[in-house]
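Engineer: The following block contains a protein sequence and its predicted model.
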Amino acid sequence: MALGKLSIKGVNLGTSGVLFLALVAGHFGYDVPGGTGTIGLLLFAYCVGVGAGNRFFSNLKREGINLLKLSVIVTGIAVLTTFLVAWTFNIPMDLAGGLFAGAMTSTPALAAATEALNEAGQSNLVVGYGIAYPFGVIAVVLFVQVLPRLLKVDLAKEDTGAESSEETQVVSTVLVEVKNPSLVGKQISSSGLDVLDSCNVSRVLRGTKLVPLRFEDTFAIGQKLFLVGRGRELRIAVEYLGEVCSEQVQRDAETERQVLLVTGKNVVGRTLREIDPLREHGVIITRIRRLDYEFVAGASARVENGDQITVVGPPTNLAAFAETVGHRPQSLGETDLISLSIGLTLGILFGMIPFALPGSPSITLGLAGGPLLVGLLLGHFGKVGKITGYIPRPTRLLLQEFGLALFLATAGIRGGANIVETLTTQGWTLLAAGALIVILPLCLAYVACRKFLGLNLLQTLGGTCGAMTSTPALGVISSKTESPVPVISYATAYPAALILMTIFAKLVVSTSG
């Protein structure tokens, strides 16, 4: 884990650092207790499913279909490239399956392929993963940085028109005094500020205290408004309204602001313009947190299942709106261990059920696919009977990373036993194969996005990061633009890519022998 924390130019191995040291340990004959990898695989696959489920099925039905197509294109090209390089360089298919999983930086794919092979196959598989993984991490990070330069496009100005990419990306607040006489008497909620997707008015100063904005509130000269926004759009709003005010004022952040978890089907998939929380519910949604990224809740922002939304309003309105969005008071911080146990058990049982297409032998989802599928379903529905699918993000990430570390330790130990022999016999061909499996999908996906799917550059970059399951590359893009578009595109493409890679990895290794 300590090796994975070492960072070079902002890029690190993360939990995969465990795998590389385990390969070395396996070469020198070390071992881990039996069953360690199985426990880790169960925890990891189930938590990944829960995390992705709240977006995967809902995104299948909406405008994100082009981003889902992108996931199919990227993973499809990657698996075809894998078969091509395996045939060209005479690489065994179990080793090629590891190259595929590593190039896509997809540990679920590695887990599925590992389970599909016998002990001998696992060794070559993990070696292939370890060789291709660095290519998968570095190539995508370089791609999202080099491509805009080749196109001579400033991501900071793309979609937002920002003047500099050095501006802070943090959501901030400011108190503004109204000076624009053309706004007097106009309703604040319909003033035109809703066209700024990274800025909104949340409070109005009355007396000495900031209180939540009401639907009927209108502008007045000298009026002081509390704005939430980021970067250029926040500056535009300030210039439009008047000037920044340095006055220190009070606001009740304890009872008039609340963070709610979205699970209600009547709001999921709808934009804030469609929900119209101020008119219909008397509250303002100021921020949305999704996939560890927070962005301002503009009128066109779409609410997804599992989003954490910051809401401002009177306490009674907040309580009513919490019921509307399906918030459960304890859900943000409470883990239902009974539901977790039942979910894992159901995942094991589903993984044991054989199924087959006509004319093909029966297969099972196994200990990777079964928990992943159950996690996806519970993550999507949130609650099935008495079983709660929601796991608080900190808890889920802890279980996920812990499980991943156990699995990688076991896989690396087994793979290390044959690593020297494999590298000696295959040599440079493995490096070339790993690089091709990464580079070809990246290049062809860009052409498909711009020529056939009609995606803009930010959607293309964010969607490609999701389709390649590359969170480090998403972090690079987010540091260069204030727009939430890359994050939303990533969140749409990622779950589909996750599932497809798991299926394709099993397909690749099933042709071995």
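Structural biologist: Nice, I can see it.

Engineer: L41: which element?
Structural biologist: Taking DSSP states H and E as the criterion, L41 maps to helix 36-59.

Engineer: So which elements touch that helix?
Structural biologist: Judged by 3 or more C-beta pairs under 8 Å, 6 or more residues apart in numbering; DSSP states H and E, helix 36-59 is in contact with helix 107-116, helix 337-352, helix 366-381, helix 393-416, helix 485-510. For the C-beta atoms, the positions are set from N, CA and C on the backbone; glycine is no exception.

Engineer: now the ones you listed as a markdown table including mean neighbour count?
Structural biologist: Below are the helices and strands packed on helix 36-59 laid out as a markdown table (neighbours: other C-beta atoms under 10 Å):
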| stretch | mean neighbour count |
| --- | --- |
| helix 107-116 | 29 |
| helix 337-352 | 17 |
| helix 366-381 | 25 |
| helix 393-416 | 22 |
| helix 485-510 | 25 |
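
Engineer: Can you say which of these is nearest to Y133?
Structural biologist: Among those, the nearest to Y133 by C-beta to C-beta is helix 107-116 (9.2 Å).

Engineer: and the closest one with helix 36-59, angle?
Structural biologist: For helix 107-116 against helix 36-59, the angle by axes from the mean of the first three to the mean of the last three C-alpha atoms, to 10 degrees is 130 degrees.

Engineer: Outside of helix 107-116 itself, list whatever touches it.
Structural biologist: 16, 41, 44-45, 48, 94, 97-98, 100-102, 122, 125-126, 129, 366-369, 372, 404, 407-408, 411, 498, 501-506, 508-510 (C-beta atoms under 8 Å, 6 or more residues apart in numbering).

Engineer: Check which element follows it along the chain.
Structural biologist: helix 119-150.

Engineer: model confidence over that next one, on average?
Structural biologist: Averaged across helix 119-150, pLDDT comes to 76.

Engineer: what helices or strands is it leaning on?
Structural biologist: helix 17-27, helix 93-103, helix 107-116, helix 393-416, helix 419-426, helix 428-448, helix 457-467, helix 471-478.

Engineer: Any buried residues in that helix, and which?
Structural biologist: Within helix 119-150, the residues scored as buried using 16 or more other C-beta atoms under 10 Å are 121-141, 143-144, 147-148.

Engineer: quick one: low-confidence ranges for the stretch 351-500 of the chain?
Structural biologist: Within the stretch 351-500 of the chain, the set of residues satisfying pLDDT under 70 comprises 356-364, 422, 426-427, 471-472, 475, 478-479, 482, 484.

Engineer: same check, this time on the stretch 151-300 of the chain
Structural biologist: In the stretch 151-300 of the chain (pLDDT under 70), the answer is 156-170, 191-198, 252-254, 291-293.

Engineer: Would you mind confirming that R450 is in contact with G463?
Structural biologist: No. Between R450 and G463 there is no contact, the gap being 11.5 Å when judged by C-beta atoms under 8 Å.

Engineer: Give me the more crowded residue out of those two.
Structural biologist: Neighbours of R450 and G463, each counted by other C-beta atoms under 10 Å, are more numerous for G463; the result is 33 against 15.

Engineer: Can you name the residues in contact with the one helix or strand L225 maps to?
Structural biologist: Using DSSP H and E, L225 sits in strand 224-229. With C-beta under 8 Å, 6+ apart as the test, strand 224-229 has contacts from 171-178, 188, 196, 198-205, 210, 234, 237-238, 241, 245, 247, 249, 251, 286-287, 296.

Engineer: before we move on, what about stretch 22-37?
Structural biologist: Residues contacting stretch 22-37 (C-beta under 8 Å, 6+ apart): 126-127, 130, 406-417, 419-420.

Engineer: That stretch spans what distance, first to last residue?
Structural biologist: 12 Å (C-alpha to C-alpha, to the nearest Å).

Engineer: Now do the buried residues in it.
Structural biologist: 22-23, 25-27, 32, 36-37.

Engineer: Quick check: mean pLDDT of that stretch?
Structural biologist: 86.

Engineer: Could you find the closest non-adjacent residue to F402?
Structural biologist: Distance criterion C-beta to C-beta, 6 or more residues apart in numbering; nearest residue to F402, sequence neighbours excluded, is L43 at 6.6 Å.

Engineer: scratch that, L455 is what I was asking about
Structural biologist: Nearest to L455 is C449, by C-beta to C-beta, 6+ apart, at 4.4 Å.

Engineer: wait, doesn't that neighbour sit right on T460?
Structural biologist: Yes. If you go by C-beta under 8 Å, C449 and T460 touch, sitting 4.1 Å apart.

Engineer: neighbour count winner among these two?
Structural biologist: More crowded of C449 and T460, by other C-beta under 10 Å: C449, with 26 against 23.

Engineer: contacting residues for the more buried one?
Structural biologist: 70, 455, 459-460, 463-464.

Engineer: Next: T81.
Structural biologist: 436-437, 440-441.

Engineer: Next, format those residues as JSON lines and append distance to G382 and neighbour count.
Structural biologist: Output for the contacts of T81, formatted as JSON lines (distance: C-beta to C-beta, whole Å; neighbours: other C-beta atoms under 10 Å):
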{"residue": "L436", "distance to G382": "41", "neighbour count": "21"}
{"residue": "I437", "distance to G382": "36", "neighbour count": "30"}
{"residue": "L440", "distance to G382": "39", "neighbour count": "18"}
{"residue": "P441", "distance to G382": "33", "neighbour count": "27"}
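
Engineer: where's N305, which helix or strand?
Structural biologist: Using DSSP H and E, N305 falls outside every helix and strand.

Engineer: any chance you could read off phi and psi for it?
Structural biologist: phi -60, psi 130 (degrees, to the nearest 10).

Engineer: From V485, how far off is it?
Structural biologist: Using C-beta to C-beta, to the nearest Å, N305 is found at 20 Å from V485.

Engineer: Ok, L436 next?
Structural biologist: 30 Å.

Engineer: got a list of what Q145 touches?
Structural biologist: Neighbours of Q145 in contact, by C-beta under 8 Å, 6+ apart: V476.

Engineer: How about I73?
Structural biologist: 441, 444-445, 448, 467.

Engineer: ok, these vs L344, which is closest?
Structural biologist: A467 (28.4 Å).

Engineer: mind checking how far stretch 235-255 is from the chain centre?
Structural biologist: Here stretch 235-255 is found 32 Å from its chain centre; the criterion is C-alpha atoms, centre = their mean, to the nearest Å.

Engineer: just stretch 376-391 next, same as before
Structural biologist: 19 Å.

Engineer: again with stretch 74-82
Structural biologist: 21 Å.

Engineer: again with stretch 207-217
Structural biologist: 36 Å.

Engineer: in that stretch, what's buried?
Structural biologist: Buried residues in stretch 207-217 (16+ other C-beta under 10 Å): 210-215, 217.

Engineer: Farthest-apart pair in those, please.
Structural biologist: Using C-beta to C-beta, the two most remote members of the buried residues of stretch 207-217 are L210 and F215, lying 17.1 Å apart.

Engineer: Parallel or antiparallel, which strands does the helix or strand F295 falls within pair with?
Structural biologist: Using DSSP H and E, F295 sits within strand 293-296. The pairing partners recorded for strand 293-296 under DSSP bridges are strand 284-290 (antiparallel).

Engineer: CA atoms only: put the strand it pairs with into PDB for me.
Structural biologist: Listed in PDB are the C-alpha atoms of strand 284-290, where the atom choice follows Å, rounded to 0.1, in the frame of the first residue of the first chain:
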ATOM      1  CA  ILE A 284     -32.700  25.600  -3.100                       C
ATOM      2  CA  ILE A 285     -30.300  22.800  -4.200                       C
ATOM      3  CA  THR A 286     -26.800  24.400  -4.200                       C
ATOM      4  CA  ARG A 287     -24.400  21.600  -4.600                       C
ATOM      5  CA  ILE A 288     -24.300  18.000  -5.900                       C
ATOM      6  CA  ARG A 289     -21.600  15.500  -4.900                       C
ATOM      7  CA  ARG A 290     -21.000  12.500  -7.200                       C
END
